[in-house]
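> Turn this into a model:
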Amino acid sequence: MMPEGLRYVSSWVETNFDRCFQVMECEDRSLFEQWTAHWTDLMDFEIIPVMTSTEASAHALSSPR
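Coordinates of the predicted model:
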């Protein structure tokens, strides 16, 4: 039920099995909303945008101080 353009990267599970963290990738945030809409009756979602450390470093270097 994953929309075209949303890619699964990896996942981690807490040692107590309370939460699972899915690392997903896409260019359009609305794809996350389409994907999570299929599962809201079973689980809660929190979508947190992140970037790689390489991207963060490049961004920090290009930002005016």
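> Return the backbone torsion pair for the residue most central in space within the chain.
Residue closest to the average C-alpha location in the chain (Cα atoms, centre = their mean): residue 24, at 4.3 Å. Backbone geometry at residue 24, expressed as degrees, to the nearest 10, gives phi -120, psi 160.
> Residue 8 now?
With angles defined as degrees, to the nearest 10, residue 8 sits at phi -80, psi 130.
> now swap in residue 23 and tell me
Given degrees, to the nearest 10, the pair of backbone angles that residue 23 has is phi -100, psi 120.
> In this structure it contacts residue 6, no?
No: with contact defined as Cβ atoms under 8 Å, residue 23 does not count as touching residue 6 (11.7 Å). From N, CA and C alone the C-beta is placed, and that goes for glycine too.
> the more surrounded of the two?
For residue 23 against residue 6, the residue with the higher neighbour count under other Cβ atoms under 10 Å is residue 6, and the figures read 16 against 11.
> Provide a list of residues in contact with the residue nearest to the centre of the chain.
The neighbours of residue 24, taking Cβ atoms under 8 Å, 6 or more residues apart in numbering as the test, are 6-9, 32, 35.
> can you do 7 Å?
The neighbourhood of residue 24, defined by Cβ atoms under 7 Å, 6 or more residues apart in numbering, consists of 6-9, 32.
> tell me the contacts of residue 34?
Contact partners of residue 34, counting by Cβ under 7 Å, 6+ apart, are residue 3.
> Mind checking what secondary structure it has?
Assigned with DSSP: H, G, I helix; E, B strand; the rest coil, residue 34 falls in the helix class.
> Please renumber the chain so that the first residue is 228 from this point on.
All set: I'll call the first residue 228, so the last point we hit is now residue 261.
> roughly how far apart are it and residue 231?
Relative to residue 231, residue 261 is positioned 10 Å away (criterion: Cβ to Cβ, to the nearest Å).
> for this protein, what's the longest helix?
Assignment by DSSP state H gives helix 280-289 as the longest helix of the chain.
> pLDDT averaged over it - what is it?
Here helix 280-289 scores 88 as its mean pLDDT.
> Kindly export it (C-alpha atoms) in CSV.
Written as CSV, here are the backbone C-alpha positions of helix 280-289 (Å, rounded to 0.1, in the frame of the first residue of the first chain):
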residue,chain,number,x,y,z
SER,A,280,25.0,14.2,8.1
THR,A,281,26.6,15.0,4.7
GLU,A,282,23.6,17.1,3.8
ALA,A,283,23.6,18.8,7.2
SER,A,284,27.2,19.7,6.8
ALA,A,285,26.7,21.1,3.4
HIS,A,286,23.7,23.1,4.6
ALA,A,287,25.6,24.5,7.6
LEU,A,288,28.5,25.5,5.4
SER,A,289,26.3,27.3,2.9
